[in-house]
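Colleague: One predicted model, sequence on top.
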Amino acid sequence: MNSISQLNEPTKYLMIFLIGVILFRLVLIADVPLLDKTESRYSEIARIMNETNEWVVLQIDYDQPFWAKPPLSTWLSAISFKSFGVNAFAARLPSYLLNLFLIFILSKFVLKDKKKLLLVGFILLTMPEFLLHTGVVSTDTALCFSISIIMISFWKAINKDGAWYWKYLFFVGVALGLLSKGPLVVVLTGPPIFVWLILKRVKIKALFKNLPWLIGLLITVVIAVPWYILTEMRSEGFIDYFIVGEHFKRFLEPKWSGDLYGGPKSQALGMIWVFLFIFTFPWLQIAIYKLWKSRRKVLKDPWLTYLVLWMLWTPLFFTISKNILHTYILPSTIPLALIIVHFWQEIKLKKTSIIVASIFPIAALLFYVGLRFTDKWEPNLNTNKYLLQAVDVEHAPIYFWKQRSYSGEFYSNGNAQLVADESQLDSLLQIHDQPYMLVLNKKRKEIPKAYFDKMKLQDSNYKSSLYRFDKIELLP
């Protein structure tokens, strides 16, 4: 079995490919700088947490609270900074390890077959959405992990399929979800579980017998609730903004004006299904085909029914929302992979499926190599890291013109400050001799000509430019 032509039982190919993808992704998390906007924003929040040792109230800037998300992913990145220093690798490492750990859990405790570790790992790491989040700083990886723990634990507890601790891990998963994305975790797991219970006519008595609700809810409360209470006590207004704003208005009001940390992300209704179709290729297409061919058997198989409900509920829920991102489909990748494993022996075109699935990671590798070793690498990345690499960021005065960039804040160690208008610009020139100015290229024309003529270009990329003021006499 030394060539790709022998893929009827492709164990060796899957193992080599899987190791290659894992190593490639590890290289990316270390080599690619933090990109604006999402990655750099969450990394900057974690950097401030690490620097200030403020572990309760998240801060988007010094003494400016960040109410939009709970702390779990930030805690993980901040802890990683403590261990490995403040850098892109440390910021991304937790999400990388979480996804690899999830693959292990799926193979060890769900599929219970070492050979299927290769298969489920290959399926997930060739899905564009899952591969992307295996090493990206965001809250979605922690949410996906939490949802997976909830759904797996519930299945094992209700079916008495496993050790006693699964019935408690269900409530731990809920707590982790509340700390990773908030009450949304209940919305994304409760309905598919409820519908499955109805379809399978599971008695209420069995539900209460197999899950320790009193102790379990106490576990959830003890793990998750103290952070919510402490944050509201130390940053009044958090609960109203996070619960009402982030969980209702964000999804029901396409142009929600209350967002403190970004503009609306309005998409066409139903766009979540387009994201699902594209970012899980080719596995969703294969699953649809197999489910359709087996449509009369789906409801007769409790496990398959459970997986289908789990997979479909997240996109169904977000169908009514315009304020969405492609990252919202991530929780659906786990049941999708398990559906493929369920049908694997029946899939006739295994070789073709594996080859097609291999295309995205290979294309990503070729794109990375092609870009990395050319002069297009630095100027074409959406980051200010390279613009600041020749600046003494610890001592040099650095400013943003009218709009900050989180990568600029991160790579200046929080020293870069915002200049909102001409009067502030005039004030800083009275204080600092030859300050640096980071400017979005689209905002260069907003700098008064009298000042702009005294600015010397240091470096630029496709989105931003770094200038330094010449020694000048103050303008009247």
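Modeller: Happy to help now that I have it. Source: prediction; values computed, not measured. Numbering: from 1, shown residues only.
Colleague: how about the helices in the stretch 351-476 of the chain?
Modeller: 385-388, 406-411, 422-431, 449-452 (DSSP state H, counting those that start in this stretch).
Colleague: cool, and the stretch 51-200 of the chain?
Modeller: 72-84, 88-105, 114-125, 128-133, 140-158, 166-180, 184-199.
Colleague: State the distance from the spatially most central residue of the chain to L72.
Modeller: Centroid-nearest residue in the chain, with CA atoms, centre = their mean: S138, separated by 3.3 Å. Distance, S138 to L72, using CB to CB, to the nearest Å: 11 Å. Every residue, glycine included, has its C-beta placed from N, CA and C.
Colleague: Then T139?
Modeller: Taken as CB to CB, the span from T139 to L72 is 8 Å.
Colleague: again, but for V195
Modeller: Taken as CB to CB, the span from V195 to L72 is 28 Å.
Colleague: what does R47 give?
Modeller: 17 Å.
Colleague: Show me which of the two is the more surrounded one.
Modeller: R47 (27 against 24; other CB atoms under 10 Å).
Colleague: you'd agree the more buried one is in a strand?
Modeller: No. Going by DSSP: H, G, I helix; E, B strand; the rest coil, the assignment for R47 is helix, not a strand.
Colleague: roughly how far apart are A287 and H247?
Modeller: Distance from A287 to H247, by CB to CB: 30 Å.
Colleague: and those two? which has more neighbours close in?
Modeller: Using other CB under 10 Å as the criterion, A287 and H247 rank with A287 on top: 22 against 15.
Colleague: Run a quick check on that one versus V341, I expect a contact.
Modeller: No. The criterion here is CB atoms under 8 Å, and A287 misses it with V341 at 10.5 Å.
Colleague: picking up where we left off before, in contact with the residue nearest to the centre of the chain: list those residues for me.
Modeller: Taking CB atoms under 8 Å, 6 or more residues apart in numbering, we find S138 in contact with 38-39, 42, 73, 95, 327.
Colleague: Take those residues and write them to JSON lines, including neighbour count.
Modeller: What follows is these, written out as JSON lines (neighbours: other CB atoms under 10 Å):
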{"residue": "T38", "neighbour count": "18"}
{"residue": "E39", "neighbour count": "23"}
{"residue": "Y42", "neighbour count": "25"}
{"residue": "S73", "neighbour count": "27"}
{"residue": "S95", "neighbour count": "26"}
{"residue": "T327", "neighbour count": "19"}
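Colleague: what's the nearest residue to K200 if we skip its chain neighbours?
Modeller: P302 (5.7 Å; CB to CB, 6 or more residues apart in numbering).
Colleague: what residue ranges in the stretch 351-476 of the chain are flagged as low confidence?
Modeller: By pLDDT under 70, the low-scoring segments of the stretch 351-476 of the chain are 471-476.
Colleague: repeat that for 50
Modeller: Residues of the stretch 351-476 of the chain that meet the criterion pLDDT under 50 lie in 474-475.
Colleague: what do you get for the chain?
Modeller: 1-8, 474-475.
Colleague: how's it carved up into domains?
Modeller: 11-372, 385-469 (automatic domain parsing).
Colleague: With the flanking residues excluded, which residue is spatially nearest to I223?
Modeller: Using CB to CB, 6+ apart, the closest residue to I223 is A175 (3.6 Å).
Colleague: shouldn't I219 be in contact with G173?
Modeller: No. Counting by CB under 8 Å, G173 is not a contact partner of I219; they are 10.3 Å apart.
Colleague: V21 belongs to a strand, doesn't it?
Modeller: No. Looking at V21 with three-state DSSP, it is helix, so not inside a strand.
Colleague: so how many other residues sit close to it?
Modeller: V21 has 22 nearby residues by other CB under 10 Å.
Colleague: Strands along this structure, start to end?
Modeller: 59-61, 64-65, 398-401, 417-419, 436-440, 455-460, 464-469 (DSSP state E).
Colleague: JSON lines for those, including mean neighbour count and distance to V120?
Modeller: Converted to JSON lines, these look like this (neighbours: other CB atoms under 10 Å; distance: least, CB to CB, whole Å):
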{"stretch": "strand 59-61", "mean neighbour count": "18", "distance to V120": "37"}
{"stretch": "strand 64-65", "mean neighbour count": "15", "distance to V120": "40"}
{"stretch": "strand 398-401", "mean neighbour count": "24", "distance to V120": "44"}
{"stretch": "strand 417-419", "mean neighbour count": "17", "distance to V120": "46"}
{"stretch": "strand 436-440", "mean neighbour count": "22", "distance to V120": "43"}
{"stretch": "strand 455-460", "mean neighbour count": "15", "distance to V120": "45"}
{"stretch": "strand 464-469", "mean neighbour count": "21", "distance to V120": "41"}
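Colleague: how about those strands in JSON lines, adding distance to L429?
Modeller: Below are those laid out as JSON lines (distance: least, CB to CB, whole Å):
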{"stretch": "strand 59-61", "distance to L429": "23"}
{"stretch": "strand 64-65", "distance to L429": "25"}
{"stretch": "strand 398-401", "distance to L429": "10"}
{"stretch": "strand 417-419", "distance to L429": "10"}
{"stretch": "strand 436-440", "distance to L429": "10"}
{"stretch": "strand 455-460", "distance to L429": "11"}
{"stretch": "strand 464-469", "distance to L429": "7"}
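Colleague: out of the ones you listed, nearest to F208?
Modeller: When the strands of the chain are compared by CB to CB, strand 64-65 sits nearest F208, at 39.9 Å.
Colleague: any idea how far the closest one is from the chain center?
Modeller: 22 Å (CA atoms, centre = their mean, to the nearest Å).
Colleague: ditto for stretch 370-390
Modeller: Chain-centre distance of stretch 370-390: 23 Å, with CA atoms, centre = their mean.
Colleague: Outside of it itself, list whatever touches it.
Modeller: So stretch 370-390 is in contact with 31-36, 40, 398, 405, 407-408, 411-412, 438, 458-466, going by CB under 8 Å, 6+ apart.
Colleague: let's see it at 7 Å
Modeller: Stretch 370-390 is touched from outside by 33-36, 405, 407-408, 411-412, 438, 459, 461-464, 466, with contacts defined as CB atoms under 7 Å, 6 or more residues apart in numbering.
Colleague: cool, and stretch 295-306?
Modeller: For stretch 295-306, contacts defined as CB under 7 Å, 6+ apart pick out 155, 196, 199-200, 291, 308, 342.
Colleague: Hmm, F81 is touching N50, no?
Modeller: Yes. Here F81 reaches N50: they are 4.2 Å apart, a contact under CB atoms under 7 Å.
Colleague: and the gap between S464 and R296?
Modeller: For S464, the distance to R296 - CB to CB - is 57 Å.
Colleague: ugh, typo on my part, it should be M233
Modeller: 56 Å.
Colleague: For the residue nearest to the centre of the chain, what are phi and psi?
Modeller: phi -160, psi 170 (degrees, to the nearest 10).
Colleague: Let me see the contact set for the residue nearest to I150 when sequence neighbours are not counted.
Modeller: Spatial nearest neighbour of I150, chain neighbours left out: G173 (3.8 Å); criterion: CB to CB, 6+ apart. Residues in contact with G173 (CB under 7 Å, 6+ apart) are 146, 149-150, 153.
Colleague: Does F66 touch I60 like I think?
Modeller: Yes. Using CB under 7 Å, F66 is in contact with I60, at 4.0 Å.
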